[in-house]
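Undergrad: What follows is a predicted structure for the sequence shown.
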Amino acid sequence: MTDLPRNNLTITRHRRFLVRGAFTLVEGLIATVVLAIGVVGIATMVSSAAAQASVVRQEAIALSLARELSELTAGVPFASGPQAGFTGGNADPASYDDIHDFTGFTDIFVVPGTGLSFVRAVDVTADAGAYSDVTDTRVVTISITPPRGRAVQLSRFVTTADTTREGT
């Protein structure tokens, strides 16, 4: 009977180790791998969101440049003036004095403060769809291509003819 307390003490010590709840090395490694996968997933999402935001920003700048060039083309008369256009060797669109001077215009525009280069192009065509029987019609198509992202295109119908609807 003297051995009984000693055996109870041994069992109690053994149970204490089982109940304590410590992590094993395998459990720690599994937890670390799961955590690492989560961190890599979040980092990938953040980096992809930043890249997408950069593309969206470039497309917004491209749209702004296209509108600016569209306003520049809208501010010149339809009839031909004495100033040489792009095909005549004049590369400054601010000096063009008629819509035909923009024919074939293309350049690389660097946005100040960003260092981003955008390719600007203007095409003036005589294809005016429903108004093709009118000789004084043109379609001005402006294309701006950002460094990354999709190109932005704006088209505008230009004519000297009266295009208002009857009764409006």
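TA: Yep, that arrived.
Undergrad: would you list every one of the helices in this protein?
TA: Ranges of helices in the chain, per DSSP state H, are 3-19, 25-74.
Undergrad: would TSV of the ones you listed with mean pLDDT and distance to Ala91 be doable?
TA: Heads up, the C-betas are built off the backbone N, CA and C, glycines and all. Output for these, formatted as TSV (pLDDT from 0 to 100; distance: least, CB to CB, whole Å):
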stretch	mean pLDDT	distance to Ala91
helix 3-19	52	84
helix 25-74	92	14
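Undergrad: Identify whichever of those lies nearest to Gly115.
TA: helix 25-74 (11.8 Å; CB to CB).
Undergrad: packing partners for that closest one?
TA: Here helix 25-74 touches strand 117-125, strand 137-145, strand 152-159, going by 3 or more CB pairs under 8 Å, 6 or more residues apart in numbering; DSSP states H and E.
Undergrad: quick check: angle from it to strand 117-125?
TA: 40 degrees (axes from the mean of the first three to the mean of the last three CA atoms, to 10 degrees).
Undergrad: any chance of the helices of the chain in CSV, plus mean neighbour count and distance to Phe105?
TA: Output for the helices of the chain, formatted as CSV (neighbours: other CB atoms under 10 Å; distance: least, CB to CB, whole Å):
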stretch, mean neighbour count, distance to Phe105
helix 3-19, 9, 82
helix 25-74, 13, 9
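Undergrad: To Leu154, which of those lies closest?
TA: Closest to Leu154 of the helices of the chain is helix 25-74 (CB to CB; 4.7 Å).
Undergrad: re earlier: for Asp97, find the nearest of the helices of the chain.
TA: For Asp97, the closest of these is helix 25-74, at 11.8 Å, according to CB to CB.
Undergrad: Put the alpha carbons of stretch 56-68 into CSV.
TA: Taking Å, rounded to 0.1, in the frame of the first residue of the first chain, the C-alpha atoms of stretch 56-68 are listed here in CSV:
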residue,chain,number,x,y,z
VAL,A,56,-7.0,54.8,-64.0
ARG,A,57,-5.1,57.9,-63.3
GLN,A,58,-3.3,57.7,-66.7
GLU,A,59,-6.6,57.2,-68.5
ALA,A,60,-8.1,60.2,-66.7
ILE,A,61,-5.1,62.3,-67.8
ALA,A,62,-5.5,61.0,-71.3
LEU,A,63,-9.2,62.0,-71.3
SER,A,64,-8.3,65.4,-70.1
LEU,A,65,-5.7,65.8,-72.8
ALA,A,66,-8.2,64.7,-75.5
ARG,A,67,-10.8,67.2,-74.3
GLU,A,68,-8.1,69.9,-74.3
